[in-house]
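> task: produce atomic coordinates for the following.
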Amino acid sequence: MIPKDSIKDIMNKPFGMEKDEKILDAISKIIQYKIGRLIIFDTKIPVGIVSEKDILSFLFKDKLHRNIGEIPVSEIMNDIYYVDEDTSKTKAAKFMIDKRCSSVAIGSAKNFEGIVTKTDLTKYYAEKEQGKNTVADWMSLHYFSVFTKDPLYEVIKTMLGFGISRMMIIDDNKQPSGIVSTGDLFRAVLKIETLDEMKKNLGKSQAEEEFWSKYGFFCSQPSGKIMTKSIIKVKANEDLAKACQIMINREINALAVGETNSLDGIVGKRDILLALAQTN
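Alright, predicted model coming up:
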């Protein structure tokens, strides 16, 4: 019998693709379905997972000088982490923190049932954990930031180097102006370089170097150009469950914390995992 607090009751069926399909196909699906990851299958057996961050990291770090319309997605996929269907939400949160992953699959490769993400657990917290914590209890006081005029190269290098999903963008007076997330970067690449253009240009070594180099067309642009300008704030004494609901409603991964003219910290979905991990 499955326990009442089982993670299974919030799992979803993921979007997927076959391991021989190309990176360009993965990009198309992520954009089309507005998702953050894809399960990779070998016929009907799940063999890996690919996220926006994986694709961005591949495009930025690897200089294979091959057309992304020719590279199979299996070359950049990562391992899938599994938990049993009777795993509690608290244990699942702890597991995701320990493994530094943003999703877990339910079951096994031979008995794949579904997937649970940080967003699913954040939604659960919003619905079931009201009044248990304030934002101040779990917000992150320290965060990475760059100035609006700093090049995107520094943003990408820092985010991929430290394994973070967002950076605060500040103005010359060190006041917050916006946020750049992995998703913002991912979409910006596609906005500047259409899928057809990426397929054509990233297959040429010189074009690739010019696009991704520190002084290239894309990475030399100021961070302020692609940042999400409307910073959504929440007060430190607000119920953490309400902050979760705002993230779900706005389809964002983090909120700034502070009063109108102050920035005291950031609270994001990883912080929600930490809060859930401490739930009795």
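> just the helices in the chain please.
For the chain, the helices defined by DSSP state H occupy 23-33, 52-61, 89-99, 118-128, 135-138, 152-162, 182-192, 195-201, 205-212, 240-250, 269-277.
> where's the nearest residue to Glu238 once chain neighbours are set aside relative to Gly258, distance?
Once flanking residues are discounted, Glu238 sits nearest to Val135: 4.9 Å by CB to CB, 6 or more residues apart in numbering. Every C-beta, even on glycine, is put in place using the N, C-alpha and C of the backbone. Val135 sits 10 Å away from Gly258, taking CB to CB, to the nearest Å as the criterion.
> intersection of neighbour lists for those two?
Common contacts of Val135 and Gly258, defined by CB atoms under 8 Å, 6 or more residues apart in numbering, comprise Lys235, Ala236.
> more neighbours, the two?
For Val135 and Gly258, the more surrounded residue by other CB atoms under 10 Å is Val135, and the numbers stand at 23 against 18.
> check the more buried one and give its pLDDT.
In the prediction, the pLDDT value recorded for Val135 is 98.
> about what we covered before: do you know which of the helices of the chain lies nearest Ile45?
Proximity to Ile45 (CB to CB) singles out helix 23-33 among those, at 18.1 Å.
> same for the closest one, what does it pack against?
Applying 3 or more CB pairs under 8 Å, 6 or more residues apart in numbering; DSSP states H and E, one finds that helix 23-33 contacts strand 16-18, strand 37-42, helix 52-61, helix 182-192, helix 195-201.
> mean pLDDT lowest for which of these?
Of all the helices and strands packed on helix 23-33, helix 195-201 has the smallest average pLDDT, which comes to a mean of 50.
> turn the helices and strands packed on helix 23-33 into CSV, columns for distance to Ile71 and mean neighbour count.
As requested, the helices and strands packed on helix 23-33 are exported to CSV (distance: least, CB to CB, whole Å; neighbours: other CB atoms under 10 Å):
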stretch, distance to Ile71, mean neighbour count
strand 16-18, 13, 17
strand 37-42, 13, 20
helix 52-61, 8, 19
helix 182-192, 16, 18
helix 195-201, 11, 16
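> among the ones you listed, which is nearest Ile7?
Here strand 37-42 is closest among these (CB to CB), at 16.7 Å.
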